[in-house]
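Q: A predicted structure for the sequence below; I have some questions about it.
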Amino acid sequence: MTLPLADTSFVEATWILVVKSIVIFAVIFAIVPMLTVVERKLLGRFQARYGPNRVGPMGLLQPLADAVKLISKEHYRPRAAIPALYYIAPSIVVFTGVATLAIIPFGNVQDGFGLYGIDVPIGILYFFAFGSIAFYGLLLGGWASGSKFSFLGAMRAAAQLISYEISMGLALLGAIMMAGSLSLVSIVEAQDQIWYVIPQFVGFLIFLVAGFAETNRAPFDLPEADAELVAGYGTEYGGMRYGSYALAEYIEMFVISAVAVTFFLGGWRGPGPGFLDPVWVVVKIFAFLFLFMWVRATLPRVRYDQLMSLGWKILLPLATVNVLVTAILVTVT
Amino acid sequence: MNDSAEFPYIADEGIVELERGPEPGGLGGAYRAFGETLRGLKTTFARIIEGPVTIQYPEEKTPVYPRFRGRHKLHRFEDTELEKCVGCSLCAAACPADCIRVVAAENDPENRVSAGERYAEIYEINLARCIFCGYCEVACPFDAITMGHEYELADYNREDLVFTKEMLLAEPVERTPLRREGE
């Protein structure tokens, strides 16, 4: 049985790709700032308060105020910092976050036009590649700042990446084996019978936990643990450089949610005509984003050794067993 | 010497076994952690349903209790519009912060200011000094001065915090909301 890793027969014109990347970029950069205010408002509600409601109607212009404030800040660099790396690091995280968005499918090919950036044959490996590069942004930023808090945060980020990237990959491997393809579009197409959240429930849970760790979100926000490390890798950053890190965190959150939707929640599948497909994807993504914020409002930050033992002693064996069982079941049936 | 001198308690009765939670780790621990996580999520979600409890301060004011001691008020008789204060200076004498200044004057029988023989020509309270103890209210024999409910007393200059008689007699522009019974 020789299956192709992905069907790459569908190729689009270059100008279509350019237009699509601009549209995706624009839409995401409209969504992400709204995400910050939505998160703050939701956190407020979770804590029985209102959250920001002063700037604009219902506080919806808050991100604009934040951006103006951050952009107008003085560009400050510590004397001990290494200039080039210090300046480049924040852009690495933003770049990788945006680059990953390209493979997220918002719908299948409709009228000869794929509702995704690009359907790469290596599919999810692209996501992991850029996810790993994103940590260079944190690592370099922390190291190049020349501050011990930044350095500690960066070290933690690196250790966290190693601990959770493997479990995350293995968690997705189950779904990949069931679909028999690495391409995200094919994986969604393979979920026509049943969403993989049901047969791959363990994998889904592992992916979710690892996803929280990957995005440095509570309860795994140890790299920027503000109680002990000031702000971790971001300690010495101010103004829009700090803003870039915050932006990248939200983009990554969006990407992780999108990947979870694609792999486990049937991507664009939902009732209604074809043009509703992107709506379904966004609705599902927002459900995940709500979960991210809900968990942040609920769980306290774990201790560092707890983080490590959860990753290596529980998630990794569980993911391995999950892959093994899936492999056997896929081969037998 | 026996043992009881060294241990001033009866060894068998004084020791209670410590109650410990279940051991973390293992499958049971993972299960419990999962359950507790869900319980935590439920707790926070209940807050969303409950709705915010904060008071949007500049628009909504914090309600105060009826006995709240805010800024002082001077009173007039409701029927005759005469001031209750007769300028006896008992409030000034009672004031531990020494923030009340009263200068009394004789009433003109043709054109009375207060109901008594004399009235307060000058009545000033320096609210920068006031400690809101309410002794002036207690000392006053005519209930001419009471502690009001107004608590927004910030100002840019200390001089502006010296409230004159006219200011203390005037009704506040906006009434401070009162707390209801049991609130």
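A: It's in.
Q: Which elements pack onto the particular helix or strand that has A:L70 in it?
A: According to DSSP states H and E, A:L70 maps onto helix A:62-71. The contact analysis (3 or more C-beta pairs under 8 Å, 6 or more residues apart in numbering or on different chains; DSSP states H and E) places helix A:62-71 against helix A:14-46, helix A:239-264. In short, each C-beta sits where N, CA and C put it, glycine included.
Q: Give the other helices and strands that the helix or strand of chain A with the lowest mean pLDDT contacts.
A: Least confident element among the helices and strands of chain A, by mean pLDDT, DSSP states H and E: strand A:113-116 (a mean of 71). Judged by 3+ C-beta pairs under 8 Å, 6+ apart, strand A:113-116 is in contact with helix A:14-46, strand A:105-110, helix A:184-189.
Q: before we move on, back to that, could I have the CA atoms of the helix holding A:L70 written out in PDB?
A: The C-alpha trace of helix A:62-71 is given here as PDB (Å, rounded to 0.1, in the frame of the first residue of the first chain):
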ATOM      1  CA  GLN A  62      -8.700  49.600  24.000                       C
ATOM      2  CA  PRO A  63      -6.200  47.800  21.700                       C
ATOM      3  CA  LEU A  64      -5.800  51.100  19.700                       C
ATOM      4  CA  ALA A  65      -5.000  52.900  22.900                       C
ATOM      5  CA  ASP A  66      -2.600  50.200  23.900                       C
ATOM      6  CA  ALA A  67      -0.900  50.200  20.500                       C
ATOM      7  CA  VAL A  68      -0.500  54.000  20.500                       C
ATOM      8  CA  LYS A  69       0.900  53.900  23.900                       C
ATOM      9  CA  LEU A  70       3.400  51.100  23.100                       C
ATOM     10  CA  ILE A  71       4.500  52.700  19.800                       C
END
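Q: Go through the helix or strand just after that helix and flag the buried ones.
A: Following helix A:62-71 in sequence order, the next helix or strand is helix A:83-100 (DSSP H and E). For helix A:83-100, the buried set under the neighbour-count rule, 16 or more other C-beta atoms under 10 Å in any protein chain shown, comprises A:85-86, A:88-90, A:92-100.
Q: Looking at these, which is nearest chain B?
A: A:G97 (26.8 Å; C-beta to the nearest C-beta).
Q: quick revisit: run the chain-centre distance for the least confident helix or strand of chain A.
A: Relative to the chain's own centre, strand A:113-116 is displaced by 21 Å; criterion: C-alpha atoms, centre = their mean, to the nearest Å.
Q: Check what contacts it and list those residues.
A: Outside strand A:113-116, the residues that touch it by C-beta atoms under 8 Å, 6 or more residues apart in numbering or on different chains are A:10, A:12, A:16, A:20, A:102-109, A:184-185, A:268, A:277-278.
Q: what about burial for those residues, which qualify?
A: For the contacts of strand A:113-116, buried by 16+ other C-beta under 10 Å: A:20, A:102-108, A:184-185, A:268, A:277-278.
Q: Of those, which is the nearest to chain B?
A: The closest of these to chain B turns out to be A:I104 (C-beta to the nearest C-beta; 26.5 Å).
Q: you'd agree the closest one is up against A:A258?
A: Yes - between A:I104 and A:A258 there is a contact under C-beta atoms under 8 Å: 4.3 Å.
Q: so what's in contact with those two at the same time?
A: Common neighbours of A:I104 and A:A258 (C-beta under 8 Å, 6+ apart) are A:V281.
Q: Render the CA-only coordinates of the helix or strand harbouring A:L324 in CSV, please.
A: Using DSSP H and E, the element containing A:L324 is helix A:316-332. Presented in CSV, the C-alpha positions along helix A:316-332 are these (Å, rounded to 0.1, in the frame of the first residue of the first chain):
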residue,chain,number,x,y,z
LEU,A,316,5.0,11.7,26.7
PRO,A,317,4.2,8.0,27.8
LEU,A,318,0.5,8.7,27.2
ALA,A,319,1.1,10.1,23.8
THR,A,320,3.4,7.2,22.9
VAL,A,321,0.8,4.6,24.0
ASN,A,322,-1.8,6.6,22.1
VAL,A,323,0.3,6.4,18.9
LEU,A,324,1.0,2.7,19.4
VAL,A,325,-2.6,1.8,19.9
THR,A,326,-3.7,4.0,16.9
ALA,A,327,-1.1,2.4,14.8
ILE,A,328,-2.3,-1.1,15.6
LEU,A,329,-5.9,-0.2,15.1
VAL,A,330,-5.2,1.5,11.8
THR,A,331,-3.2,-1.5,10.5
VAL,A,332,-5.8,-4.1,11.7
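Q: Good, we can wrap up now.
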